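Peer 1: Got a sequence here, can you build the structure:
(3 chains)
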Amino acid sequence: MTMQPATLIPPLLALALAPLLLGVINRTKAVFAGRRGQPLLQTYFDIWKLLHRGAVYSRTTTWVFRAGPVVGLACALVATALVPLGGVAAPLWFPGDLFLLVYLLAVMRFFTVLAALDTGSSFEGMGASREVWFSALAEPALLLALVAVARPTGSVSLSQILAGLTADQWVHAGIGFALVVGALIIVLLAENARIPVDDPNTHLELTMIHEVMVLDHSGPDFAFILYGAALKLWVLGAVLVGVMLPVHTGSAWLDMLVALAGMLGLAVIVGIVESSMARLRLLRVPQLLVSASALAVLALILAMR
Amino acid sequence: MFPVLFGLGIWMLSGLAALFARRSPRTATACGVGGAVAGSIVALVPVLGVLAGGHVEPLRWPWAVPCGEFHIALDALSAWFLLPILILSAAAAVYGGEYLWPYRERKSLGPPWFFYNVLVASMALVVLVRNGVLFLVAWEVMALSSFFLVTFEDEKESVREAGWTYLVATHLGTAFLLAMFVLMGREAGSLDFDAFGAAAFAPALANLLFVLAVVGFGTKAGFMPLHVWLPEAHPAAPSHVSAIMSGVMIKTGIYGLIRTLMILGTPPLWWGWLLIGIGLTSGIVGVLFALAQRDLKRTLAYSSVENIGIIALGLGLGTLGASMHSGALTALGFGGALLHVLNHALFKGLLFLGAGAVAHGTGSRDMDRLGGLLKRMPLAGAAFLVGAAAISGLPPFNGFVSEFLIYFGAFKGAVSLPASGAVPMLAVIAGLALIGGLAAACFTRAFGMVFLGEPRSDEARHAHEPGLAMRLPMWILAGGCVLVGMGAPLVWGVVTRAFGVAEEYRALAAEPLSWIVIGSALFLALVGALVVLRRELLSGRVVGQSATWGCGYARPTARIQYTATSFSQPITSQFESLLGTCASVTPPDGYFPRHSAVASETLDACAEKIYRPAFTLLDRALSRLRWLQHGTVQLYVLYIALTLLALLVWKLG
Amino acid sequence: MSVDSILILVALTNLMLLAYSRLGASIRVTAAQGILLGLLPLVASPHAGWHAALIAVGSMALKGVVFPRLMFRALREAKVQREIEPFVGYNVSLLIGVAALAVSIWIGQQLPVPGATISSLVVPVAMFSILVGLFLIISRKKAVNQVLGFLVLENGVYTFGVGLIQHTSLLVELGVLLDVFVAVFVMGIIIFHISREFDHIDTDALSSLKD
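Peer 2: Numbering: from 1, shown residues only, chains lettered A, B, ... in the order given. Sure thing, here's the model as predicted:
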């Protein structure tokens, strides 16, 4: 299990292109709303601008508030090293790596929540309270869906699972795979604070989860949060694309191109979902996440039959 | 074996010394703390030796008690359970020295130190003895000494009640163990554990013995629904005692269960299913109750039930593996469970000590009245944060390692086994994920509400940092959490070698664990780099201070913060029928409302819905016999004489 | 579209019925389920002859168009609120549904079936529909929902019929269909009358009749 230089491609692509996904989503939404919309690279500009600003801290906060964005970004960075893309294995791949991935995202959440609670703001407390509840339901759905994907391949490492999937299996298992994809999409939307679970756009605190938790962050801290969120979207998106498009053409370049196209396509899909759906009532969100688990279990039952 | 005996001697003698030095609190404390630490260090030597692969000759002394024999041995299992007992007991003793000191004016410090050291000695004895009678004696001494420690503050009504609940529960458990040992002894012809191991039990008898062990040991360990004493007794005890009760004493139940499994041989499938079922119930319901509590120590006590659930999941996995003859599953399941025993001792000990520091510094344990303590007690708070992250199973700390082993075993099973075998694996994965998510909710809540934000009361505003004797043990335990997390492959190597796990199964988890350590190291390095980067970016720029952004509201107060109750409300309201939270609400009234209030309390559902009605019924039935009790001594002697006579007639007739 | 996909979609519609909170949506899902099941015999044996096609089209029309219309009309006339008001919450219902599916699969493996089935999913999905139908009848308050539960139950029986005894199913199916038709009709009338008497259609309130 020596590290090959090629395995550095997926994380490098993630680092470079993750903010682009947000741009594509926003552009899609703008098109649907009949606007011209922001430049595709707006997120890069935002991050750059924020990195060069000063910051304001609440007198209530402690070092935990300052640690939140740093730890969050570090988690997201390590997570990019765990996810393969386009048939190229991740630099950190080993049996059971998906648990490290899931738990790194949990560390990110843990510290974001603590940073939110550190401000003593009732709004941020509200967001934190919702975040921990919804993510507790999303985690089983994600893991069950991954087991359902792993079962036909018999592998226990994310890179091997996604490498082991073939288009044939897709056709053969058909609807079972579709169910897994459905579950994964729900988890992706919930974990990345997108509609219909959360609204990334409004700054109306009462309706939000993730945005309201980072209300008090500013300057470089907020840049870290923004970049970390983009990376998280990329990481979960890469898993989803790996499951949706198990293309092995034989040409590494072509595979990578297909995967990248898949990532952009996914961003467009998210944009379409956001343009065409309303945010769910908060009481309904747990139901959506339990449904994701139910879909994954259904897929598993079919796979085991 | 002699260092162990020597350690036992030190504990007992120093305990006695503390008892006799009751007049002088200083001497009593010195004897108690010194003895506990010295005994632990002495006994640690052979324990580490055995874990490193050494061998210690068992010890047999004939004994006058019928069927009894002083037979103690130190094998890998005993050593593994002794390790946390020794570490945590020594750390908690140092802490307790300072913690109990303020009580010296009102109470004698001799008895608590006597019982503390007796408790430590009896816990050590429980995992060492190899004879049924001796085991029960040690078990009973452990129960009684901890009972006296729980009722340390016996002037409080609630503490006395908690003590009684504990006493009744633990004796009911012991009754099942007594039955188990009697049945085993009848079959094996001796009460010696070696004889048990050599005996072949018929399947029906083995099943019965297993159920007795699950109920008997499960009561001590805190399996749901046998856990009722736990959330009462742990908060009532002084914090250093809560730490060892929650951290190691309940693990003696797990030890007993594993020892019984070893004695009973190849298990049938349903044992594994039962343990997994127990694990899921204890884990999920335990953490939900933890989320519904306002008392910090009650939260921690329920979280112990949850962690015992995780251990039971690991045991269930291992048992399934053993009955399916799958070495990988056995190694990963039991390995994960054993590692979690150590890990839970480290972080739960740490958290209880932290809760004690909070109670010590503020005089309150009600999370709705605390807040902002990290500024007032930064060192204790940081240690508590390490414990909170570790217990939520987050890398790079130790909790992740043991949960990973269980996940990994279940995942391997779910991917490769046929449907009937894969279903329990899926249950383990989904259950563990849910428990992990809820535990993270529980401990962000505990840390966030107690240590972050603005203080919600005057007590919290005037909190003070504990002294060095209380901080040092917390930091040692926090260091242990990091050490086991970052040294996971090493620890795994030690465990597997001590238990003689085949090389092929050892390698199975060794490789992912080393990669996890690499990932964790990368993570820590990145955190360091980002901290430096952030400092560079901010240097020379304007860094302002202001009030928390309240969406335009300029005068925030501490009272507008989210409280512990409101933080968990979305979760608890979903499980209202299970938790049975009762709330009393005084709504604001009139145009200029003056007073309004909300109070809620979550009692234990099992205690309220199962045990209380059952015991009321029992009480009613037994009260019919009250006429027997007159208070006249002569009549009692008459009863005894009549009974003896009747027995004699029965035996001779 | 293969037989398996249809059956899985039927299972999915069952899960949706457990999770949905709106009466209107539930009626539409049940209609979709009816249409899917109508397609089943056509997909399973494309060369079965005109009378099989006729029965399929007939049942699709009945379950997909006529029943929903009747029920929507009952809703309108009885001015029923759109929420379902379950005895058992939606999340728990979903989990019970998943468990019921697992049990159905197990039953499907254990149950000896005479002759060949068109798919190994027939028995599980049929059992699942029957269980879900029963569960809906038990766990929901509104009378409309109980009609829906009854329909789902019938769909289960129909799945059995199509999957197992393809060629002699005509008579059986006709009989069952007629039963259900009458049932829906009668229920519609009853719903209307209950709501006129009590101003709502909670069957809960019927228990007051016993006093």
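Peer 1: ok, B:M324 touching B:S420?
Peer 2: No - contact criterion Cβ atoms under 8 Å: B:M324 and B:S420 do not qualify, at 10.2 Å. (Each C-beta comes from the backbone N, C-alpha and C, glycine too.)
Peer 1: Please say which of these two ends up with more neighbours.
Peer 2: Between B:M324 and B:S420, B:M324 has the larger neighbour count (other Cβ atoms under 10 Å in any protein chain shown), namely 15 against 11.
Peer 1: and the gap between the more buried one and B:P418?
Peer 2: Per Cβ to Cβ, to the nearest Å, B:M324 is found 10 Å from B:P418.
Peer 1: With A:A116 instead?
Peer 2: Distance, A:A116 to B:P418, using Cβ to Cβ: 45 Å.
Peer 1: do the same with B:V215
Peer 2: B:V215 is 32 Å from B:P418, by Cβ to Cβ.
Peer 1: the more surrounded of the two?
Peer 2: B:V215 (18 against 8).
Peer 1: tell me the contacts of that one?
Peer 2: By Cβ atoms under 8 Å, 6 or more residues apart in numbering or on different chains, the contact list for B:V215 reads B:G173, B:F176, B:L226.
Peer 1: where does residue 134 land on pLDDT?
Peer 2: Chain wasn't specified; assuming chain A. You'll see A:F134 listed with a pLDDT of 93.
Peer 1: To clarify, I was referring to chain B.
Peer 2: So, for B:L134, pLDDT stands at 89.
Peer 1: Doesn't it lie inside a strand?
Peer 2: No - counting by DSSP: H, G, I helix; E, B strand; the rest coil, B:L134 is not found in a strand; it is helix.
Peer 1: excluding its backbone neighbours, what's nearest B:G318?
Peer 2: Excluding the flanking residues, the one nearest B:G318 by Cβ to Cβ, 6 or more residues apart in numbering or on different chains is B:G333, at 3.0 Å.
Peer 1: any idea how far the one you found is from chain C?
Peer 2: B:G333 sits 23 Å away from chain C, going by Cβ to the nearest Cβ, to the nearest Å.
Peer 1: before we move on, what about B:L230?
Peer 2: Distance of B:L230 to chain C, computed by Cβ to the nearest Cβ: 27 Å.
Peer 1: For B:G393, see how far away the nearest residue to that residue once chain neighbours are set aside is.
Peer 2: Distances taken as Cβ to Cβ, 6+ apart place B:G222 nearest to B:L230, at 4.5 Å, with adjacent residues excluded. The spacing between B:G222 and B:G393, counted by Cβ to Cβ, is 19 Å.
Peer 1: again with A:S276
Peer 2: From A:S276 over to B:G393 (counting by Cβ to Cβ), the distance is 38 Å.
Peer 1: The two: which has the busier surroundings?
Peer 2: Taking other Cβ under 10 Å, A:S276 and B:G393 do not tie; B:G393 has more neighbours (30 against 9).
Peer 1: Pretty sure that one sits in a strand.
Peer 2: No - if the criterion is three-state DSSP, then B:G393 is coil and not within a strand.
Peer 1: these two touch, right, it and B:C442?
Peer 2: No - counting by Cβ under 8 Å, B:G393 does not reach B:C442; the two are 11.6 Å apart.
Peer 1: A:S218: neighbour count?
Peer 2: 18.
Peer 1: got the contact list for it?
Peer 2: Taking Cβ under 8 Å, 6+ apart as the test, what A:S218 contacts is A:L50, A:R53, A:A55, A:V56.
Peer 1: Might you report the residue contacts of the first one?
Peer 2: With contact taken as Cβ under 8 Å, 6+ apart, A:L50 is in contact with A:S218, A:G219, A:P220, A:F222, A:A223, A:L226.
Peer 1: Can you tell me the SS state at it?
Peer 2: Classification of A:L50 into helix, strand or coil gives helix, according to three-state DSSP.
Peer 1: Might you list the low-confidence residue ranges for the chain?
Peer 2: In the absence of a named chain, chain A is used. Across chain A, residues meeting the criterion (pLDDT under 70) sit at A:1-3, A:202-207.
Peer 1: Can you look at chain C instead?
Peer 2: C:1, C:48, C:78-84, C:113-117, C:164-211.
Peer 1: ok so, going back, phi and psi next, for the residue nearest to B:G318.
Peer 2: Main-chain torsions, B:G333, degrees, to the nearest 10: phi -70, psi -60.
Peer 1: and it, what pLDDT?
Peer 2: Here the pLDDT value assigned to B:G333 is 94.
Peer 1: Tell me if I'm right that the residue nearest to B:L230 and B:I250 touch.
Peer 2: Yes - the pair B:G222 and B:I250 qualifies as a contact (Cβ under 8 Å) at a distance of 5.3 Å.
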